Every structure is written in structure tokens, then in C-alpha cells.
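here is a sequence with its predicted model. Questions after.
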Amino acid sequence: MPASVAVLGAGSWGTALAVVLCDNGHKVKLWARREEQVQEINEQKTNEAYLPGRRLPDQLEATSSIQEAASTADAVVSVVPTSAVRETMQTLNGVVQHPVLLIHATKGIEPGSLKRVSEMMEEELEERTVRGIAVLSGPSHAEEVSERQPTTVTVSSAELKHQEEAQDLFMTQHFRVYTNPDVIGVELGGALKNIIALGIGMTDGLDYGDNAKAALMTRGLAEITRLGSRLGADPLTFSGLSGLGDLIVTCTSEHSRNFRCGRMLGEGWSLDDVLEQMGMVVEGVKTTKAVQSLAASYDVEMPITDALYEVLFNGLDPKEASERLMGRVKKREVEDLGPSNSTQ
Ligand SMILES: NC(=O)C1=CN([C@@H]2O[C@H](COP(=O)(O)OP(=O)(O)OC[C@H]3O[C@@H](n4cnc5c(N)ncnc54)[C@H](OP(=O)(O)O)[C@@H]3O)[C@@H](O)[C@H]2O)C=CC1
Ligand SMILES: O=C(CO)COP(=O)(O)O
């Protein structure tokens with residue numbers, strides 16, 4: 001049944017998800033914070049800064065008023081960067097007239113609090129604002145979704161009825177949606193793969209070959225699974241779309257901002273210069289900081305994350321970071337992921 005849906009955040013991903021929702025016949029209002037962008041979307045049906053060359057659906061309406069977008073919505077899709085989640089949720093509290101299903105598609109961990117996005121949302125949202133929180137995640141570059149190329153994702157929520165509601169909202173012939181009850185695993189997989197994509201980009205910038213990429217992807221997945229299991233995720237989730245699937249797409253695609261950021265760092269650019277040049281959010285940078293602290297506080301070994309932390313925040317040369325990883329003490333490949341997790 002068509003629903004009234006507000007999409008918060010008109011960057012690449014918010015706009016691409018708005019296209020999917022329009023294709024499904026929903027009444028979609030896309031909230032952008034800049035009036036000139038709203039005018040461009042409404043009058044020219046383009047969003048050139050974030051999805052160059054794409055024609056947006058005629059029925060897509062943008063607004064710079066979050067009140068207009070969300071006050072009477074049945075569902076709200078939040079696609080702002082991690083750094084903007086708390087203030088956006090606080091604003092949402094003041095505008096919705098009846099409790100909404102909130103589906104977020106943000107991939108990050110908050111430095112400082114070390115919280116996942118749904119945890120930040122739970123802290124900020126009032127009971128009268130939401131009836132359920134879900135996450136949508138998986139291998140899905142906005143550039144391809146907006147061209148209606150075949151894409152698969154996962155939605156997760158504590159309650160099955162909210163998983164299924166989110167699945168029904170988004171499922172189209174081009175955009176296939178699976179459900180998974182493991183919110184922790186789905187959120188961690190989406191956030192942590194960005195760290196590994198930064199590392200793989202660096203190997204590309206250093207002119208290393210495919211062996212190094214496969215090594216980082218595989219051992220990256222091992223350390224993501226190690227931390228995730230410790231934090232209560234189902235280890236199997238990490239071999240699904242929101243884990244391995246998203247790791248593959250982010251680590252191998254020219255569309256990925258995290259991959260491209262890592263490659264420029266490998267080529268010798270400074271982090272500040274790279275971020276200025278990108279002009280889009282690169283979530284993996286702050287997530288590396290958060291996850292390095294998270295792993296330390298849970299005493300979980302994450303050597304790739306540690307090495308990237310040193311490159312990003314302490315000036316370690318990427319080549320030396322690679323040498324440090326290769327020179328670590330001998331290990332067994334397969335480890336026990338149970339509570340008394342040993343990595344020896
Ligand atoms: N791009 C993709 O393919 C995918 C992205 N994601 C995730 O989606 C999230 C958003 O990424 P994406 O759309 O790609 O990012 P972009 O860099 O393309 O766009 C960021 C958007 O967020 C807006 N924004 C920034 N700060 C604030 C703020 N304080 N309040 C409100 N809006 C703000 C920007 O507005 P303005 O233009 O005014 O600065 C812009 O519309 C990230 O967590 C990302 O990891 C997930 C899957 C796929
Ligand atoms: O999450 C993504 C694809 O699933 C997008 O990754 P980037 O943020 O690196 O572009």
C-alpha cells in the first residue's frame with residue numbers, strides 16, 4: 001500500500017533511496033537543508049552535486065522544511081551522516097504528529113560515545129516520535145541504485161513486523177530486500193567495512209596488487225567478526241549482504257568514497273587535503289577512531305584497524321603500516337569466536 005515517506009538527507013544515498021521509494025508508488029518528501037538544492041531537485045529534477053547526470057522522478061518533492069517533510073509521514077528514512085544523526089533526531093521530536101517507523105541507512109559509529117546509529121537514535125528520540133527503529137544496509141552504491149541496477153540489501157529491526165514493513169516499503173524489481181533480526185551485526189558490518197575499504201584503497205595507492213587486497217578483505221572480515229561477536233552480533237550476519245557483501249562492493253568499487261580516500265592517502269596526500277577534495281562524507285575516517293577505542297575497551301585484537309588509526313591520526317606512513325601488519329607474530333588462521341575468544 002502506498003505510504004507517505006519522509007527521507008532526511010539529500011546526499012547521494014538519501015536521493016537514491018528516495019528514487020526507490022518513488023518507484024514503489026510512495027508519496028516521498030526529501031528533506032535537504034539548503035534551499036538552492038531543494039529548488040534544483042523540484043525544478044530541474046536533478047541533484048548534480050551528489051548524483052551527477054541522473055534524472056530524478058517527476059513525483060519526487062524536496063523541501064527545506066523538516067516539518068513539511070515529516071509531520072504527517074507514516075515512515076521516516078534517515079540518511080544523514082553519523083555526525084548529524086543526533087541533531088536531526090532532536091529536530092524530528094518536535095515535528096512528527098504521530099509515531100513513525102524510522103528506518104536509517106547511515107553507516108558509522110560515533111566517536112566518543114562509541115554508539116551504533118540506532119543506539120544514538122534510541123537515546124535521542126521520544127516515545128511519541130517513533131513506533132520502531134530499523135536499519136537498511138548492504139552492498140548498494142547510490143550511483144547504481146539511482147540507475148535501477150540490480151541491488152540487494154538487508155533490513156533489520158528488533159521486531160519482525162518492523163523488518164517486514166521496511167522490506168515492503170523498499171522492495172522493487174531492481175531493489176531486493178532481505179530481513180535479518182540481528183540489528184547489532186547489520187549495523188556493525190555496514191560501519192566497519194569502511195575501515196577496511198580505506199586500507200584497500202591505500203594498497204592501491206601504493207601500487208600493491210590483488211593479493212594484498214584479498215588479504216585485507218579476508219583478515220578485515222575476521223577482525224570485524226571478532227569484534228561483532230564480542231558485542232553480541234550473530235557471526236553469520238558477517239557473511240551476509242550487510243557484512244561480506246558490503247565489504248566486497250566497498251573495497252572493489254570506484255564509486256566508494258572510502259576506497260578513493262584510502263587510495264589518495266596511499267599516494268601520499270594528507271588526510272585534510274583528501275577530505276577537502278572528496279566533498280562527500282567519508283564515514284570510515286571517524287569510524288576508525290571510534291572502533292579503535294571500542295576494540296581497546298573490549299580487549300579485542302583488531303590489527304588492521306589499529307594500523308589505519310596510526311596512519312590517519314598519528315602520521316604513520318601507509319607503507320610502514322603494511323610492513324607492520326606483515327611482520328606480526330605468527331597466528332592460527334581460524335579462531336574461536338566464543339566469549340573466551342583467543343587469537344593466538
Ligand atoms: N553513497 C552511498 O552509496 C551510500 C551511503 N551510505 C551511507 O549514507 C550516509 C549518508 O551518505 P551519503 O548520502 O552518501 O553522503 P553525501 O556526502 O553524498 O551527502 C551527505 C548529505 O548529508 C547532508 N548533511 C551533512 N551534514 C548535515 C547536517 N548536520 N544536517 C543535515 N544534513 C546534513 C549533506 O547536506 P549538504 O549538501 O547541505 O552539505 C548531504 O545532503 C552515510 O552514513 C553513508 O555511509 C550507505 C549506503 C550507500
Ligand atoms: O556503503 C556504501 C556502499 O554499500 C558506500 O560506500 P562509500 O561510503 O565508501 O562510498
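On my side now, so go ahead. Ligands and ions are numbered 1, 2, ... in the order given.

test my guess that Glu159 contacts Gly132.
Yes - with contact defined as Cβ atoms under 8 Å, Glu159 reaches Gly132; the gap is 6.1 Å. C-beta here means a position set from N, CA and C on the backbone, and glycine is covered the same way.

and these two? which has more neighbours close in?
Gly132 (18 against 13; other Cβ atoms under 10 Å).

and the pLDDT at Glu335?
Per-residue pLDDT puts Glu335 at 79.

ok, now the one 3 residues further on?
According to the predicted model, the pLDDT of Gly338 comes to 58.

what of the one 5 residues further on?
pLDDT recorded at Thr343 is 45.

regarding the most centrally placed residue in the chain, what is its secondary structure?
The chain has Lys107 as the residue nearest its centroid, 2.2 Å off, counting by Cα atoms, centre = their mean. With DSSP: H, G, I helix; E, B strand; the rest coil as the basis, Lys107 sits in coil.

ok, it - contacts?
With contact set as Cβ atoms under 8 Å, 6 or more residues apart in numbering, Lys107 has these partners: Thr82, Val117, Ser137, Gly190, Ala191, Lys193, Asn194, Glu283, Thr287.

ditto for Asn24
Asn24 neighbours (Cβ under 8 Å, 6+ apart): Pro2, Leu169, Phe170, Met171, Thr172.

how near is it to Gly262?
From Asn24 over to Gly262 the distance is 35 Å, taken as Cβ to Cβ, to the nearest Å.

ok so, going back, and the contacts of Asn24, which of them are in strands?
The members of the contacts of Asn24 all map outside strands under DSSP state E.

for stretch 269-278, the distance to its chain's centre please.
Its chain's average C-alpha position is 20 Å from that of stretch 269-278, according to Cα atoms, centre = their mean, to the nearest Å.

hang on, Gly132 in a strand?
Yes - the assignment for Gly132 is a strand, going by three-state DSSP.

about what we covered before: and the contacts of Asn24 as a markdown table, adding neighbour count and distance to ligand 1?
Below are those laid out as a markdown table (neighbours: other Cβ atoms under 10 Å; distance: Cβ to the nearest ligand atom, whole Å):
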| residue | neighbour count | distance to ligand 1 |
| --- | --- | --- |
| Pro2 | 12 | 24 |
| Leu169 | 25 | 16 |
| Phe170 | 22 | 13 |
| Met171 | 16 | 17 |
| Thr172 | 16 | 16 |
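
and which of the residues you listed is nearest Leu206?
Among the contacts of Asn24, Phe170 lies closest to Leu206 (Cβ to Cβ), at 38.4 Å.

hmm, that closest one is touching Thr154, no?
No - counting by Cβ under 8 Å, Phe170 does not reach Thr154; the two are 10.9 Å apart.

okay, and the common contacts of these two?
In contact with both Phe170 and Thr154: Leu136, Val177, using Cβ under 8 Å, 6+ apart.

can you add secondary structure, neighbour count and pLDDT and give the contacts of Lys107 back as JSON lines?
Output for those, formatted as JSON lines (DSSP: H, G, I helix; E, B strand; the rest coil; neighbours: other Cβ atoms under 10 Å; pLDDT from 0 to 100):
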{"residue": "Thr82", "secondary structure": "helix", "neighbour count": "23", "pLDDT": "98"}
{"residue": "Val117", "secondary structure": "helix", "neighbour count": "25", "pLDDT": "99"}
{"residue": "Ser137", "secondary structure": "strand", "neighbour count": "29", "pLDDT": "99"}
{"residue": "Gly190", "secondary structure": "helix", "neighbour count": "31", "pLDDT": "98"}
{"residue": "Ala191", "secondary structure": "helix", "neighbour count": "27", "pLDDT": "98"}
{"residue": "Lys193", "secondary structure": "helix", "neighbour count": "32", "pLDDT": "98"}
{"residue": "Asn194", "secondary structure": "helix", "neighbour count": "29", "pLDDT": "98"}
{"residue": "Glu283", "secondary structure": "helix", "neighbour count": "22", "pLDDT": "98"}
{"residue": "Thr287", "secondary structure": "helix", "neighbour count": "26", "pLDDT": "98"}
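
what's the neighbour count on Val177?
22.

for Tyr208, give me its contacts.
Counted by Cβ under 8 Å, 6+ apart, Tyr208 has contacts Ser322.

need the pLDDT of the closest residue to ligand 1 within the stretch 1-150 of the chain.
Using Cβ to the nearest ligand atom, Gly11 is the residue of the stretch 1-150 of the chain that sits closest to ligand 1, at 1.9 Å. Here, the pLDDT recorded for Gly11 equals 98.

find the nearest non-adjacent residue to it, please.
Among residues not flanking Gly11 along the chain, Tyr50 sits closest, at 5.1 Å (Cβ to Cβ, 6 or more residues apart in numbering).
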